[in-house]
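Asker: All I have is the shape, not the residue letters:
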């Protein structure tokens with residue numbers, strides 16, 4: 001979903017009442033996750049601590065719990081047929097947590113237990129740095 005994200009630095013807390021607005025907000029949050037991990041990896045360089053952004057795939061969880069009834073009627077049967085189980089969805093996260101030899105990929109995006117190149121707007125280091133700085137201000141931390 002990061003592919004559809006677009007960051008509006010003037011309004012990072014997008015409200016989402018309609019299903020379309022909620023999907024836009026979700027996409028933006030996924031893009032922010034990818035960019036934030038890129039910048040976090042820069043801050044962790046030389047510490048032997050690594051970080052990765054992970055796409056678990058479509059996972060059949062409680063993701064539909066806040067959707068309207070009619071949307072649920074359409075999506076829940078599809079989820080049962082085509083989505084991964086939570087255990088299957090966790091595999092890439094587990095891989096990144098325990099796999100030796102992937103340290104050189106810190107800050108990168110993984111899907112299906114493999115590093116994957118993200119689209120250019122999710123590799124923008126200037127935007128990642130700005131997101132980091134704004135996040136620090138929002139939580140009351142100073143840049144070091």
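Answerer: That came through fine. Owing to the predicted nature of the structure, the values given are computational and were not obtained by experimental measurement. Numbers count the residues shown, from 1 in each chain.
Asker: tell me the mean pLDDT for the longest helix seen in the chain?
Answerer: In the chain, taking DSSP state H as the definition, the longest helix is helix 19-44. In this model, helix 19-44 has a mean pLDDT of 91.
Asker: Go through that helix and flag the buried ones.
Answerer: For helix 19-44, the neighbour count (16 or more other C-beta atoms under 10 Å) marks 24, 26-28, 30-41 as buried. All C-beta spots, glycine's among them, are computed from the backbone N, C-alpha and C.
Asker: Pick the one among the residues you listed closest to residue 79.
Answerer: Checking the buried residues of helix 19-44 against residue 79 with C-beta to C-beta, the nearest one is residue 26 at 15.8 Å.
Asker: pretty sure the closest one contacts residue 1?
Answerer: Yes - proximity of residue 26 to residue 1 meets the contact threshold set by C-beta atoms under 8 Å, at 5.9 Å.
Asker: what helices or strands is the helix-or-strand element of the chain with minimal mean pLDDT leaning on?
Answerer: Least confident helix or strand, the chain: helix 69-82 with a mean of 79, by mean pLDDT, DSSP states H and E. Packing partners of helix 69-82 (3 or more C-beta pairs under 8 Å, 6 or more residues apart in numbering; DSSP states H and E): none among the helices and strands.
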